[in-house]
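A.B. asks: Output the structure for:
(one chain, ligands or ions: 1)
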Amino acid sequence: MTRGRFITFEGGEGAGKSTQLKRLAARLQDQGQEVVATREPGGSPGAESIRELVLKGAADRWSPVTETLLMYAARRDHIERVIRPALARGAWVVCDRFADSTRAYQGAAGGTDPGLISALESHILEDTRPDLTLVFDLPVEVGLERAHARAGTEMRFESKGSAFHERLRDGFLAIARAEPERCAVIDATGSLEAVEQAVWAAVEARLAVHG
Ligand code: Z5A
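C.D. replies: Numbering: from 1, shown residues only. This next block holds a predicted model:
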């Protein structure tokens with residue numbers, strides 16, 4: 001059995017990742033693929049419990065280092081119980097946020113030592129790495145406006161202030177520049193249809209979608 005494909009969606013707040021992830025999952029299913037659509041933090045029962053801890057409460061409830069460890073505890077459970085089994089049976093896994101969010105939120109924006117984050121990546125991810133990462137990019141104020149307009153979102157990170165969100169945007173773009181073979185930057189300012197086309201073009205160009 002051929003290993004499936006692993007696509008991650010990354011970017012700042014309100015970039016449209018969740019909306020586009022659903023559209024991509026539907027398109028891949030139309031091509032006859034088994035698709036597992038999931039998210040982080042969360043995606044498995046244990047990781048969803050950690051999500052409750054990490055996303056609720058005051059902005060300074062956890063330090064960036066503690067957040068890093070909580071994200072990696074959740075990620076390991078998600079990898080072991082959902083992502084690896086799905087890839088092993090040949091499914092396409094599409095994941096709303098993954099390890100680059102820790103690099104950008106807790107690292108670039110939060111100030112956690114990049115050495116700690118790299119060590120966790122190698123020990124916890126091992127060879128479970130994305131084949132393609134879509135980095136959704138848009139100006140901070142547009143993203144925050146969209147996120148605030150949407151009902152039911154968790155506000156812990158959104159309340160951190162615009163300097164934090166600018167560092168976050170720079171952090172994601174730096175990851176994309178450093179790993180261009182894995183990452184495609186998606187201009188997230190366009191219409192829903194324009195962004196969907198850009199996502200599909202990146203997936204078709206980099207991964208064998210048909211057959
Ligand atoms: N986090 C972390 O710190 N470290 C980690 O390692 C991980 C995560 C894995 C998860 O929150 C939080 O966890 C996240 C980072 C942190 N920070 N926060 N907050 P979440 O799961 O609750 O939400 P999110 O991942 O941050 O989602 P988001 O960024 O806020 O939204 P989105 O998924 O990118 O966007 P959306 O929900 O698809 O769209 C937002 C709104 O914009 C919605 O009303 C859409 O209808 C609208 N939209 C979408 N696209 C468009 C276009 N093209 N035009 C106009 N309007 C649009």
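
A.B. asks: Return the distance of the nearest residue to Ser162 once chain neighbours are set aside relative to His123.
C.D. replies: Distances taken as Cβ to Cβ, 6 or more residues apart in numbering place Val140 nearest to Ser162, at 5.9 Å, with adjacent residues excluded. Any C-beta I mention is one placed from the backbone N, CA and C, and that applies to glycine too. Relative to His123, Val140 is positioned 32 Å away (Cβ to Cβ, to the nearest Å).

A.B. asks: So for stretch 141-151, what gets flagged as buried?
C.D. replies: 143-144, 146-147 (16 or more other Cβ atoms under 10 Å).

A.B. asks: Oops, could you answer that again for stretch 85-103 instead?
C.D. replies: Per 16+ other Cβ under 10 Å, stretch 85-103 contains these buried residues: 86-87, 91-103.

A.B. asks: which outside residues touch stretch 180-197?
C.D. replies: 11, 15-16, 19-20, 23-24, 129-139, 142-143, 173, 175-176, 198-199, 202, 206 (Cβ atoms under 8 Å, 6 or more residues apart in numbering).

A.B. asks: Does that stretch reach the ligand?
C.D. replies: Yes: for stretch 180-197, a contact with the ligand is found by Cβ under 6 Å from any ligand atom, at 191-192, 195.

A.B. asks: So which residues of this structure form helices?
C.D. replies: 17-30, 45-55, 64-78, 84-88, 99-101, 114-120, 140-149, 162-178, 192-206 (DSSP state H).

A.B. asks: Tell me which residues are up against the first one.
C.D. replies: What it means is helix 17-30. By Cβ under 8 Å, 6+ apart, helix 17-30 touches 7, 9-11, 35, 37, 39, 92, 94, 96-97, 134, 136, 186, 192, 195-196, 199-200, 203, 209.

A.B. asks: Which strands or helices does the lowest-mean-pLDDT helix or strand in the chain pack on?
C.D. replies: Sorting the helices and strands of the chain by mean pLDDT, DSSP states H and E puts helix 140-149 at the bottom, at a mean of 90. Applying 3 or more Cβ pairs under 8 Å, 6 or more residues apart in numbering; DSSP states H and E, one finds that helix 140-149 contacts helix 162-178.

A.B. asks: how about the helix it packs on, does it reach the ligand?
C.D. replies: No: on the criterion Cβ under 6 Å from any ligand atom, helix 162-178 is out of touch with the ligand, staying 8.8 Å away.

A.B. asks: Buried residues, that helix. List them.
C.D. replies: Quick answer for helix 162-178 (16+ other Cβ under 10 Å): 164-165, 167-169, 171-173, 175-176.

A.B. asks: That'll do, ta.
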